[in-house]
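Peer 1: here is the input, now give the coordinates:
(one chain, ligands or ions: 1)
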Amino acid sequence: MTTRARAYDATVTARERLSPHLVRLTLDGLDGFASTGLPDEWIGLVVPGQFQSRYYTVRSWNPSTGSGRAGGTLVLDVVVHEVGLVTEWASRDVVGDTVVITEAKGSFVLPPDARWLLLVGDLTAMPAMARIVETHPELATQIWAEVPDDLAGYLPDGADVTWLDPPGEGCSRLAEVVEAIDWPDGDGYFWMAGESAQMRAIRKHLMRGRRLATSAYDVMGYWRGVKERQPRAVDPGPIWRAGKAAGKTDEEIWADYDRARDE
Ligand SMILES: Cc1cc2nc3c(=O)[nH]c(=O)nc-3n(C[C@H](O)[C@H](O)[C@H](O)COP(=O)(O)OP(=O)(O)OC[C@H]3O[C@@H](n4cnc5c(N)ncnc54)[C@H](O)[C@@H]3O)c2cc1C
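Peer 2: Numbers count the residues shown, from 1 in each chain. Below you'll find the model as predicted:
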């Protein structure tokens with residue numbers, strides 16, 4: 001069995017600046033690509049002239065139907081921050097560029113008895129939070145979004161959103177925010193993504209402070225707040241598959257992923 005992810009070629013057909021730090025890219029092509037259907041699904045993106053990938057949430061995927069061709073249209077919302085491989089590429093006019101996308105993976109699995117959702121994240125988590133709300137309009141959903149831009153209108157209607165200002169560029173205080181949340185009664189699901197150190201702190205809080213079962217939450221480190229350019233990104237896909245094969249919980253798998261990136 002190979003752990004190498006399948007890869008698909010795509011062409012950037014549109015680029016739209018949604019806000020000062022968020023760029024929407026529309027990609028066409030992806031012959032043979034399939035969605036997992038999970039609302040937090042991600043792909044690896046390799047931009048021209050690079051071999052390293054960076055991971056992005058599938059904001060939407062529309063397979064071509066009736067056109068007689070395979071493939072479809074994939075939308076990614078990319079954060080443009082201070083400096084970074086994809087950041088620098090996406091800051092330019094990239095329409096017409098050819099990129100490589102790896103197969104989709106997702107980890108959002110709602111317990112069957114969940115009646116509410118708590119979603120917490122920074123700008124990188126906005127695409128997943130938007131898709132989760134779209135996928136589960138039946139659940140009472142509260143969101144805490146720590147974003148530097150005015151993104152009113154980005155999230156689908158229906159959720160109760162608390163907008164938070166980040167304490168500074170590349171900084172987050174989401175761990176502190178989560179510790180102060182007034183937890184709803186009954187069964188539900190907690191989902192959170194953002195800067196890795198904040199996520200590690202929250203895992204401890206959920207396990208030791210709130211004593212939540214690992215099936216009741218999913219907390220993912222999406223990026224590391226270190227100043228130098230990251231030498232490599234670790235593909236969550238093989239870690240995910242190996243963890244699932246070993247019978248690990250989502251939580252244990254994401255902790256393995258954090259450890260792999262710290263090595
Ligand atoms: C499963 C998953 C889903 C993700 N979904 C999305 C998504 O939909 N949209 C999205 O924009 N990102 C998403 N991310 C996060 C994204 O992969 C990282 O932010 C990535 O490092 C960005 O690559 P880069 O080439 O711009 O910067 P890199 O070259 O990787 O990093 C350069 C420097 O920038 C810093 N840095 C990296 N990201 C940020 C940031 N967001 N803010 C401030 N500083 C940063 C790093 O500390 C590093 O020092 C996701 C990550 C994962 C694991």
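Peer 1: in this protein, what helix or strand scores lowest on average pLDDT?
Peer 2: Using mean pLDDT, DSSP states H and E, the weakest-scoring helix or strand in the chain turns out to be helix 250-262, at a mean of 80.
Peer 1: quick one: that one near the ligand?
Peer 2: No - Helix 250-262 stays clear of the ligand (Cβ under 6 Å from any ligand atom), getting no nearer than 7.7 Å. Bear in mind the C-beta positions are built from the backbone N, C-alpha and C, glycine included.
Peer 1: give me the buried positions along that helix.
Peer 2: In terms of neighbour count (16 or more other Cβ atoms under 10 Å), helix 250-262 has its buried residues at 250-251, 253-258, 261.
Peer 1: what's the neighbour count on the nearest residue to L212 once chain neighbours are set aside?
Peer 2: With Cβ to Cβ, 6 or more residues apart in numbering as the criterion, L212 has its nearest non-adjacent residue at 4.8 Å, and that residue is L206. Taking other Cβ atoms under 10 Å as the neighbour definition, L206 ends up with a count of 21.
Peer 1: mind checking the SS state of L206?
Peer 2: Assigned state for L206: helix (three-state reduction, DSSP: H, G, I helix; E, B strand; the rest coil).
Peer 1: I figured it hits D218, correct?
Peer 2: No - at 10.2 Å, L206 does not count as touching D218 under the criterion of Cβ atoms under 8 Å.
Peer 1: what sits in contact with each of these two?
Peer 2: Taking Cβ atoms under 8 Å, 6 or more residues apart in numbering as the contact criterion, the residues that touch both L206 and D218 are F190.
Peer 1: just to revisit the earlier point, for E179, state which of the buried residues of helix 250-262 is nearest.
Peer 2: Nearest to E179 among the buried residues of helix 250-262 is E251, at 17.9 Å by Cβ to Cβ.
Peer 1: return the residues in contact with that closest one.
Peer 2: 203, 214, 217-219.
Peer 1: just give me the least confident of these.
Peer 2: Among the contacts of E251, T214 carries the lowest pLDDT, at 87.
Peer 1: how about the nearest residue to H205, chain neighbours excluded?
Peer 2: Looking at H205 with Cβ to Cβ, 6+ apart, the closest residue is E179, at 5.7 Å.
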